[in-house]
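> Below are the sequence and a predicted model; questions follow.
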Amino acid sequence: MLIQPSASKDRTLQTSEPSPAGHALKADDLLPESLHQFLACETPKAWLQWALENPATLLIDHAQCEKKAASTAMSLLYRYVDQPLLLSKMSQLAREELLHFEQVVALMEARGVAYQHLTASRYAEGLRRHLRSNDPERLIDVLIIGALIEARSCERFACLIPYLDEELAKFYRTLVKSEGRHFEDYLLLARQQTSDSIDERIAFFVAREAELITSPDTAFRFHSGVPA
Ligand SMILES: [Fe+2]
Ligand SMILES: [Fe+2]
């Protein structure tokens, strides 16, 4: 089972620091340095506490995220058949995300967590609403958003690991490695779309992402903001 948080849902205890689990697993050594520089903010402690209070929703929404990541990669495979590097990277990525999906679902089954439908968090839509309409600008935006989602997932896994039971912590360490690589691949593909600098566009999305991560949110999800 997931390690339960030290605090209950009591308002007065909600701000207390979560307690680390009884193992020494961390993932700071696995996070690419470029990822720290890329994201504008760290995951707030309030989200971490929220996650530890909702272990079943964390796993179910995590499974949803892996499935969605595979499906996003698949849609790029259909749309951009003239880009060999994109095709090979997205094909590999889709396979890895589906493997992650299977692994999360197996963990849920072993832990008696019933898979049920969850409404999507505001996060992905909050980024996609800024997509420009026409290619190559639209594709550049999709790839930057892909890089951001992978980077945040990677950072959140690393942030959770010290507080999770050993089995889940070990699994999330393997995910930190692959999602870190996915972040780098998305960014490489985004930069490859144009000879112009895309730094300004990256900065725009990085700022929007940080707003979604640090502002109050109504429902707990893997990519949600902080409790309202
Ligand atoms: Fe994944
Ligand atoms: Fe990924």
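In hand now; what should we look at? Numbering: from 1, shown residues only. Ligands and ions are numbered 1, 2, ... in the order given.
> Could you find the closest non-adjacent residue to the residue in the chain that ligand 1 sits nearest to?
Nearest to ligand 1 in the chain, going by Cβ to the ion, is H100, at a distance of 3.8 Å. The C-beta positions use only the backbone N, C-alpha and C, and glycine is treated the same way. Once flanking residues are discounted, H100 sits nearest to E66: 4.3 Å by Cβ to Cβ, 6 or more residues apart in numbering.
> one step back: next SSE after the strand or helix carrying the residue of the chain closest to ligand 1?
In the assignment (DSSP states H and E), H100 maps to helix 84-110. Going down the chain from helix 84-110, the next helix or strand is helix 123-128, by DSSP H and E.
> Quick check: buried residues in that next one?
Buried residues in helix 123-128, counted by 16 or more other Cβ atoms under 10 Å: Y123, A124, G126, L127.
> Quick one: residues in contact with that helix.
K68, I145, L148, I149, F205, R208, E209, L212, R221, H223, S224 (Cβ atoms under 8 Å, 6 or more residues apart in numbering).
> Let me see the contact set for the third one.
Right, L148. Per Cβ under 8 Å, 6+ apart, neighbours of L148: F38, L39, L127, F205, V206, E209.
> For it, what is the enclosing helix or strand?
Assigned by DSSP H and E, L148 falls in helix 137-160.
> so does that helix get close to ligand 1?
No. Applying Cβ under 5 Å from the ion, one finds helix 137-160 separated from ligand 1 by no less than 6.8 Å.
> Counting by contacts, list what the helix or strand following that helix packs against.
Sequence-wise, the next helix or strand downstream of helix 137-160 (DSSP H and E) is helix 166-192. Applying 3 or more Cβ pairs under 8 Å, 6 or more residues apart in numbering; DSSP states H and E, one finds that helix 166-192 contacts helix 33-38, helix 84-110, helix 137-160.
> mean pLDDT for these: which is lowest?
Looking over the helices and strands packed on helix 166-192, mean pLDDT reaches its minimum on helix 33-38, with a mean of 87.
> how about it: buried residues?
Within helix 33-38, the residues that count as buried by 16+ other Cβ under 10 Å are L35, F38.
> relative to helix 137-160, how tilted is whatever helix or strand comes next after that helix?
Next helix or strand after helix 33-38 toward the C-terminus (DSSP H and E): helix 45-53. If you take axes from the mean of the first three to the mean of the last three Cα atoms, to 10 degrees, helix 45-53 sits at 70 degrees to helix 137-160.
> so which residue of the protein comes closest to ligand 2?
For the chain, Cβ to the ion, closest residue to ligand 2: H182, 3.7 Å.
> Hmm, that residue is touching L93, no?
Yes. Using Cβ atoms under 8 Å, H182 makes contact with L93 at a distance of 5.7 Å.
> Between those two, which contacts overlap?
With Cβ under 8 Å, 6+ apart as the test, H182 and L93 both reach A69.
> in the helix or strand containing E211, what's buried?
Assigned by DSSP H and E, E211 belongs to helix 199-214. Buried residues in helix 199-214, counted by 16+ other Cβ under 10 Å: R201, I202, F205, V206, R208, E209, A210, L212, I213, T214.
> restrict those residues to those near ligand 1?
The subset of the buried residues of helix 199-214 within reach of ligand 1, by Cβ under 5 Å from the ion, is empty.
> The residue nearest to H100 reaches L107, doesn't it?
No. Assessed by Cβ under 8 Å, E66 is found out of contact with L107, at 11.6 Å.
> Next, the contact list for the most centrally placed residue in the chain, please.
Centrality entry for the chain: nearest residue to the mean C-alpha point is S153, 2.2 Å, by Cα atoms, centre = their mean. By Cβ under 8 Å, 6+ apart, S153 lies in contact with C65, L175, E179, F222, H223.
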